[in-house]
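Trainee: here's my sequence, what's the structure:
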Amino acid sequence: MSWVEKIGAALSHQPRNRDELLDILKAACEQGVVDDDVLAMMEGAVEVSETQVRDAMIPRSQMVVVSIDSPLDEFLPGIVESGHSRFPVIGEDKDEVVGILLAKDLLPHLASGSEEFDLLSTIRPPVVIPESKRLNVLLRDFRVSRNHMAIVIDEYGGVSGLITIEDVLEEIVGEIDDEYDEEEEVLIQPLGDDRFMVQALTPIEDLNEKFGSNLSDDDYDTVGGLLLAEFGRVPEFDETVTLADRFEFRVIKADNRRIIALEMNVLS
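Mentor: Numbering: from 1, shown residues only. Below is the predicted model of the structure:
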């Protein structure tokens, strides 16, 4: 029997809820019906079904946007530099998303060399979803509608971020891979005297508590969000910035959308 058939046999007693399903899967592993790797993969898949958009979205502070009033020659360099393929187009602020600009939709205009460009007629309608939407449901919707980006709103109707199909797939793969990791990730790890590796998702509150500092968390929750505001853009590898004349941060890991990890020197 294949492992799929073995699982089917193990599930002949139909589970009534998620916890009972996990118990049956674990029992199947103990009985040798499936091995540890298959169990971990399936536990990860079950976990994904409970993961919400808010857990995987790109936060509002990291959104690369285009203003509806901006001329092409003003926003085109930013599009090229970002490396993204889709961009929210906003009105007065990020709470007013009027459409989505696909980079490929600029090609006909650039190829023709025409000086006239109407951004409003080029953008596509935005897809708006709540933070609470489940990732597996969103992935299905993306595949059916062939949309690859959605604007995420909070309970008050404000824009809290965006999410793409790539983010969903990355989160799903990450959830499954995480089942193989037994150790919890350390957000602040000492590297030497007054040197630390800091994950960008470290809450500012935690950093303040550990080092007795008072960095503001009024506008941003994480160290990465605070530094993005300080840089004014997504920084590149090895770029540095100093906060409060006490903490020098050097980017040691980042992609084209976000900071991932930093080296922090505590200045005397």
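Trainee: this structure: helices as residue ranges?
Mentor: 3-10, 18-30, 36-48, 72-82, 107-112, 119-122, 135-145, 165-178, 204-211, 223-231 (DSSP state H).
Trainee: lowest average confidence across those helices, which one?
Mentor: Here the helices of the chain differ in mean pLDDT, and the lowest is helix 3-10 at a mean of 55.
Trainee: how close does residue 92 get to residue 121?
Mentor: Look at residue 92 and residue 121: by Cβ to Cβ, to the nearest Å, they are 20 Å apart. C-beta coordinates here come from the backbone N, C-alpha and C atoms, glycine included.
Trainee: now do residue 30
Mentor: Counting by Cβ to Cβ, the gap from residue 30 to residue 121 is 62 Å.
Trainee: who has more neighbours, the two?
Mentor: Applying other Cβ atoms under 10 Å to residue 30 and residue 121 shows that residue 30 carries more neighbours, namely 10 against 7.
Trainee: quick one: residue 61 and residue 225 touch, right?
Mentor: Yes: when contacts are counted by Cβ atoms under 8 Å, residue 61 is listed as touching residue 225 (5.0 Å).
Trainee: of the two, who's got more company?
Mentor: Using other Cβ under 10 Å as the criterion, residue 61 and residue 225 rank with residue 225 on top: 21 against 17.
Trainee: wait, what's in contact with the more buried one?
Mentor: When contacts are counted by Cβ atoms under 8 Å, 6 or more residues apart in numbering, residue 225 touches 59, 61, 62, 219.
Trainee: residue 159 now?
Mentor: Contact analysis of residue 159 by Cβ under 8 Å, 6+ apart lists 60, 94, 95, 97, 151, 152, 153.
Trainee: and it, what pLDDT?
Mentor: 94.
Trainee: from residue 188, how far out is it?
Mentor: Counting by Cβ to Cβ - residue 159 and residue 188 are separated by 30 Å.
Trainee: repeat that for residue 194.
Mentor: From residue 194 across to residue 188, the span is 13 Å (Cβ to Cβ).
Trainee: and for residue 211?
Mentor: 9 Å.
Trainee: which residues touch stretch 50-57?
Mentor: Counting by Cβ under 8 Å, 6+ apart, 18, 129-136, 138, 150, 152, 160-163, 167-168, 170-172, 175 sit against stretch 50-57.
Trainee: ok, stretch 126-133 next?
Mentor: 52-54, 57, 88, 97-100, 138, 145, 147, 149-155, 160, 163.
Trainee: show the end-to-end separation of it, please.
Mentor: Start and end residues of stretch 126-133 are separated by 16 Å (Cα to Cα, to the nearest Å).
Trainee: that stretch - what's its average pLDDT?
Mentor: The average pLDDT within stretch 126-133 is 92.
Trainee: now that stretch, how far from the centre of its chain.
Mentor: 14 Å (Cα atoms, centre = their mean, to the nearest Å).
Trainee: swap in stretch 119-133?
Mentor: Centre-to-centre, stretch 119-133 and its host chain are 17 Å apart (Cα atoms, centre = their mean).
Trainee: let the chain start at 50 from now.
Mentor: Sure thing, new numbering starts at 50, so read that last one as stretch 168-182.
Trainee: end to end, how far does that stretch reach?
Mentor: Length of stretch 168-182, first residue to last, Cα to Cα: 30 Å.
Trainee: list the buried ones in that stretch?
Mentor: 168, 171, 172, 175, 176, 178, 180, 182 (16 or more other Cβ atoms under 10 Å).
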